[in-house]
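Asker: sequence? don't have it. structure:
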Ligand SMILES: Nc1nc2c(c(=O)[nH]1)N[C@H]1C(S)=C(S)[C@@H](COP(=O)(O)OP(=O)(O)OC[C@H]3O[C@@H](n4cnc5c(=O)[nH]c(N)nc54)[C@H](O)[C@@H]3O)O[C@H]1N2
Ligand SMILES: Nc1nc2c(c(=O)[nH]1)N[C@H]1C(S)=C(S)[C@@H](COP(=O)(O)OP(=O)(O)OC[C@H]3O[C@@H](n4cnc5c(=O)[nH]c(N)nc54)[C@H](O)[C@@H]3O)O[C@H]1N2
Ligand code: SF4
Ligand SMILES: [Mo]
């Protein structure tokens, strides 16, 4: 029997493909969010929960990291300050369905491993700590104390702390993240892989080098007041839906939008705002003024061409460059040449269109560049983002209103987790502050990131894994290899809210520790607690859960860390773990002393809109880089060679999932219903390759390092769907397509898996 993820997703007859949607959101979006909420929570809970979402007295949306409007920017929050997918995220967490000891008694781990991710997630909230001991077939309940003792004993028995890896997913609160890294560094390792390694690591890497800080430089108001917004490699209609309201404001103020994407994503084309009359009864707002249907991986060539055209037109901000930039002459020396054959080949775009786009860049006085996974999950992701920065530097577009870089983050607190120290390469200055504050000695050698953790597990160098949230097995590349690596571990521990594939891919001993979600009341000895989070635009604010917890056996993430730390580090450890569990204000007092920009944290997070972390380039055009200036960089595109008969496949999200959590089977905007094992292919390519819409195929990826042999990976039984993607390109959903992504296919510098450019062929089944 195959031990991989199940190949059968749903009844094959059920696939329905309609025409892609014409406008995003609208009344349909409202109806879907209410329907899903009723299904999962019932009417009373829906009515009690949704009004608290993203309100000052309520909880932060557990969906994406798009910011909320702030009164400081003259914006009031509306009564319903959330989107369809935010409501789905809440319904998924606040569901009344439960997975308790009786569920695990009924289903063996082997049986659960045959279920789809969708099925697993739909079973409900985890209610009890569970253990799977060596040789057992079923998870069994375990007391919290015994669980912590078991984990602490196993970790302390390792011959080095570096034999353990501690993963974090981006929903973890600032308080939990801060304590988690403190526990791990006290234990003695920097092995802190996180979801960010697979997400915006390329952005962090490129921005740190060029502007000195790995975060976006814009506020919500900057985006809304831009003349020109570039939306590159991002599908906001699905993944950051309230961004569409901001893009709508750009249009209403006379600004323009350029969308660069291999797919004509509905949300980029047209938006029906359900909160305006026009959005409810009218045709909505047309968004993209220019849609550049780029070939996968063509963005570096595109931005190089744009920059050459900007230079040729003499449209550079000389004052900005003279005062704030470094490396301009080297940049110019290689930047004015354009080989149009190469550019049109790499991008699939016409020279005329690229010239039109360059003209828009040249005539804009306030430009914001937004991007997400279409740029970061590429072999040349870092170089591409550096080239986007070059465009902005040429035009002086950093550190002024209505302009800047905007890497749009994924998980609701992924940016905050990094700020709090979740990184395998935290700078010594942070570690020094941590050591001074707590009287510990943090290790200084760098730890393992996500890809290196998998390699280390595969090679037996890491034998214990703990996941603070997330779904490591389904989120990482090369599913079969990762599954084998995890199963080889002595110990796997997952701190989770919902059942997922990582629970049914256990190490020799496996534990599930169920925890509170964002929506739930968190009561500790000193009373009700709140936590804090940071959004994509560096705004830090409070989040208070209000619902009764899914089970009385749940512990908060903070409590789990504090109790585990006491067992792991012993009674004599200098950190007062029991105090932190009792009162989260005490954690925040330490955050204030250790984390740069968090001074007076307890007071400032209590301000109604929270506070904004410092960002030197945004605030004062100060660039804390190696040169003390904003750095121009020289980036050389390496064309992706796709052999005859093959296509370039990207893996992406449907409208009905949150990463590995599948909400449902409706990718409404793309018109794909009731199926996830599908590959979207341009009809011309289908015909050229001798296939037809509806054919059932195995997808085989091909990958080689240097002169090495071609490695093949196979994902079975996918349905081909004719779809207007760019020529030579294809798309399939993540995580079903993850077995095709080679572990060693990573972005240069950031080590992010190349999930957006996999060379594939199809074989008829
Ligand atoms: N509802 C919902 N919201 C989410 C998530 C979710 O799963 N569901 N996930 C969250 C997370 S963790 C993240 S990181 C974000 C992800 O947000 P996105 O980055 O928008 O997510 P993807 O689905 O990966 O979409 C990538 C987009 O890039 C395009 N693309 C692919 N290759 C290229 C390329 O070579 N060039 C260009 N220009 N474009 C390309 C694809 O066509 C697609 O539109 O969303 C967050 N928000
Ligand atoms: N092929 C391919 N692979 C990808 C991507 C891609 O585009 N293509 N995208 C990558 C990206 S951008 C990301 S960010 C990663 C995401 O990787 P992860 O963050 O690891 O995955 P998620 O699916 O977000 O994690 C879902 C699980 O988190 C748990 N959970 C939910 N809420 C909470 C909470 O409040 N606390 C705790 N402790 N647990 C909670 C639930 O048990 C749920 O099953 O995947 C990456 N993988
Ligand atoms: S845009 Fe993102 S944060 Fe805002 S409500 Fe929607 S999912 Fe939640
Ligand atoms: Mo992400």
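Answerer: Happy to help now that I have it. All values reported here derive from a predicted model rather than from experimental measurement. Ligands and ions are numbered 1, 2, ... in the order given.
Asker: In the stretch 451-600 of the chain, what residue lies closest to ligand 4?
Answerer: Of all residues in the stretch 451-600 of the chain, residue 475 sits closest to ligand 4, at 8.7 Å by CB to the ion. C-beta coordinates here come from the backbone N, C-alpha and C atoms, glycine included.
Asker: residue ranges with poor pLDDT in the protein?
Answerer: Scanning the chain for pLDDT under 70 picks out 1-5, 7-14, 77-80, 277-282.
Asker: who touches the residue sitting nearest the centre point of it in this structure?
Answerer: The centroid of the chain falls nearest to residue 410 when counting by CA atoms, centre = their mean (3.4 Å). Residues counted as contacts of residue 410 (CB atoms under 8 Å, 6 or more residues apart in numbering) are 64, 65, 170, 195, 199, 200, 239, 372, 373, 659.
Asker: Let's have those in JSON lines, adding neighbour count and secondary structure.
Answerer: Converted to JSON lines, those look like this (neighbours: other CB atoms under 10 Å; DSSP: H, G, I helix; E, B strand; the rest coil):
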{"residue": "64", "neighbour count": "27", "secondary structure": "strand"}
{"residue": "65", "neighbour count": "23", "secondary structure": "coil"}
{"residue": "170", "neighbour count": "27", "secondary structure": "coil"}
{"residue": "195", "neighbour count": "27", "secondary structure": "helix"}
{"residue": "199", "neighbour count": "27", "secondary structure": "coil"}
{"residue": "200", "neighbour count": "36", "secondary structure": "coil"}
{"residue": "239", "neighbour count": "23", "secondary structure": "helix"}
{"residue": "372", "neighbour count": "24", "secondary structure": "coil"}
{"residue": "373", "neighbour count": "26", "secondary structure": "helix"}
{"residue": "659", "neighbour count": "21", "secondary structure": "coil"}
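Asker: filter these down to the ones near ligand 4?
Answerer: residue 199 (CB under 5 Å from the ion).
Asker: Which of the contacts of residue 410 sits closest to residue 639?
Answerer: Within the contacts of residue 410, the smallest distance to residue 639 is 20.9 Å, found for residue 373 (CB to CB).
Asker: Near ligand 4, which residues of the stretch 351-500 of the chain are found?
Answerer: Contacts of the stretch 351-500 of the chain with ligand 4, taken as CB under 5 Å from the ion, map to residue 410.
Asker: Could you tell me the end-to-end distance of stretch 522-529?
Answerer: 6 Å (CA to CA, to the nearest Å).
Asker: what about that stretch, near ligand 2?
Answerer: No - with CB under 6 Å from any ligand atom as the criterion, ligand 2 is not reached by stretch 522-529; the gap is at least 11.2 Å.
Asker: what comes up buried for that stretch?
Answerer: Neighbour-count burial for stretch 522-529 flags 522, 524, 529 (criterion: 16 or more other CB atoms under 10 Å).
Asker: what do you get for stretch 309-316?
Answerer: For stretch 309-316, by 16+ other CB under 10 Å, it's 309, 310, 316.
Asker: Quickly list the domain ranges of this structure.
Answerer: Domain ranges of the chain: 126-197+413-607, 201-408+625-631, 639-764, per automatic domain parsing.
Asker: now those as CSV including distance to ligand 3?
Answerer: What follows is those, written out as CSV (distance: least, CB to the nearest ligand atom, whole Å):
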stretch, distance to ligand 3
domain 126-197+413-607, 8
domain 201-408+625-631, 4
domain 639-764, 9
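Asker: Quick one: closest of those to residue 613.
Answerer: Using CB to CB, the domains of the chain put domain 126-197+413-607 closest to residue 613, at 4.2 Å.
Asker: helix or strand for residue 730, which one?
Answerer: strand 729-733 (DSSP states H and E).
Asker: Partner strands of that strand, with direction?
Answerer: strand 647-652 (parallel), strand 678-681 (antiparallel) (DSSP bridges).
Asker: now those strands in a markdown table, with distance to residue 382 and mean neighbour count?
Answerer: Below are the strands paired with strand 729-733 laid out as a markdown table (distance: least, CB to CB, whole Å; neighbours: other CB atoms under 10 Å):
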| stretch | distance to residue 382 | mean neighbour count |
| --- | --- | --- |
| strand 647-652 | 18 | 25 |
| strand 678-681 | 27 | 25 |
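Asker: so can I have TSV of these showing distance to ligand 2?
Answerer: Listed next are the strands paired with strand 729-733 as TSV, based on distance: least, CB to the nearest ligand atom, whole Å:
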stretch	distance to ligand 2
strand 647-652	4
strand 678-681	13
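Asker: what about the ones you listed, which gets the closest to ligand 1?
Answerer: Smallest distance to ligand 1 across these (CB to the nearest ligand atom): 3.6 Å, for strand 647-652.
Asker: Quick one: name whatever helix or strand follows that closest one.
Answerer: Assigned by DSSP H and E, the successor of strand 647-652 is strand 657-658.
Asker: helices or strands up against that next one?
Answerer: Helices and strands touching strand 657-658, by 3 or more CB pairs under 8 Å, 6 or more residues apart in numbering; DSSP states H and E, are helix 84-94.
Asker: For the helix it packs on, enumerate the helices and strands it packs against.
Answerer: By 3+ CB pairs under 8 Å, 6+ apart, helix 84-94 packs against helix 26-49, strand 657-658.
Asker: Tell me the gap between stretch 161-174 and the middle of its chain.
Answerer: Centroid separation for stretch 161-174 versus its chain: 15 Å, with CA atoms, centre = their mean, to the nearest Å.
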